[in-house]
Structures are given as structure tokens and as C-alpha cells.
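Enquirer: coords please:
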Amino acid sequence: MDNIVSWEQLRGKLKTLRGEGKRIVFTNGCFDILHIGHVQYLKRAKALGDILVLALNSDSSVQSIKGPLRPIVPQDERAYIMASLDMVDYVTIFDEDTPLELIEYIEPDILVKGGDWSEDTVVGRESVERRGGKVVIIPQVNESSTEHPASTTSVIERILSAYKGR
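Expert: Predicted coordinates:
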């Protein structure tokens, strides 16, 4: 897919788009098993600007953060799925535990995180705000059947529960 790009390719594309007056929105995450919370979050993130960049944690990064049993879906498949969504303009992969180096490299106008973050804990906030950009926190979506936030962990728990004892 043409919209799964290296950091270098992304930086070049964003330079051109900025020259056209486009506002660059950046978000990141594991996006291990796509669910309603992800889709609604990404739609809201895209509405904040013109170009949505999704930085995807690599498999090694996910394992470092979530443990040895994750990710469930390998990074190349996750990248393809995320790049297939209409609201996602570019996907790039990072190996680090945080996207700070990438944020500083591509200089997005808007940095978006989910409601499980507070603005003062968002990695890259200082870098974005120093350049006149802003940080936006998008509240989490609740699962339709419960009052719990939609999450990959919740989906995995429901799957395990459904197959327990089979």
C-alpha cells in the first residue's frame, strides 16, 4: 500500500502537504485488534485537521509495553488494516516504547491521544506546543453492551471467556 511509509518518506510527503496549507494530525498506538473504540477515535482525530498520520508500535515495541503475548496481530497486518481505513492518510511504524523521536522528526500540528491519557502525560506534548501546535484528548468510547471503555484487552477477555472450557 502506498500510504504505509518509512519515516523519511513520511517527512517528505508532509513537507509538501504543509506547503499546500494542510494541517497534520498525529496519533499513535498498538491498534492490535481493531474495534469500535479505535474507529470512532480515528474518525474524531481526522476531523481535527486535513491529514491523519498513524504511528504504529512495532511488534517488539508492543511486547515491551504489553508483554510477551502481544501483539495478537503482527505489525505488517496491523499496518495494512489501519492503512485501509478511509480516515487514515499515512501509517508508519516505530520501534521505540514512545513516539517522541518520530513526533520531533515529523513535527505534527496536532497531537491526539485517547481519554486514558491526561494532557500533562502525553509524550511529545512539549515538542508540539513549542512549535505552536496543540494536544487534543479524545474521550474513550464505551462498549455498547457495558459501561467499560472499548479496548483490545476487553475484546481479548471476551474471546477467552467465550471459549473457556471448550
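Enquirer: I'd like the distance between the closest residue to residue 39 other than its chain neighbours and residue 40.
Expert: Nearest residue to residue 39 in three dimensions, chain neighbours excluded: residue 85, at 7.4 Å (Cβ to Cβ, 6 or more residues apart in numbering). No exception for glycine: its C-beta is placed from N, CA and C like everyone else's. Distance of residue 85 to residue 40, given as Cβ to Cβ, to the nearest Å: 12 Å.
Enquirer: ok, back up a step: surely the residue nearest to residue 39 is in a strand?
Expert: No: counting by DSSP: H, G, I helix; E, B strand; the rest coil, residue 85 is not part of a strand but coil.
Enquirer: okay, residue 85 and residue 40: which has more neighbours?
Expert: Using other Cβ atoms under 10 Å as the criterion, residue 85 and residue 40 rank with residue 85 on top: 18 against 15.
Enquirer: tell me how far that one lies from residue 157.
Expert: Distance from residue 85 to residue 157, by Cβ to Cβ: 24 Å.
Enquirer: the residue nearest the centre of the chain in helix, strand or coil?
Expert: Among the residues of the chain, the one closest to the centroid is residue 28, at 2.7 Å (Cα atoms, centre = their mean). Secondary structure state of residue 28, per three-state DSSP, is strand.
Enquirer: lovely, talk soon.
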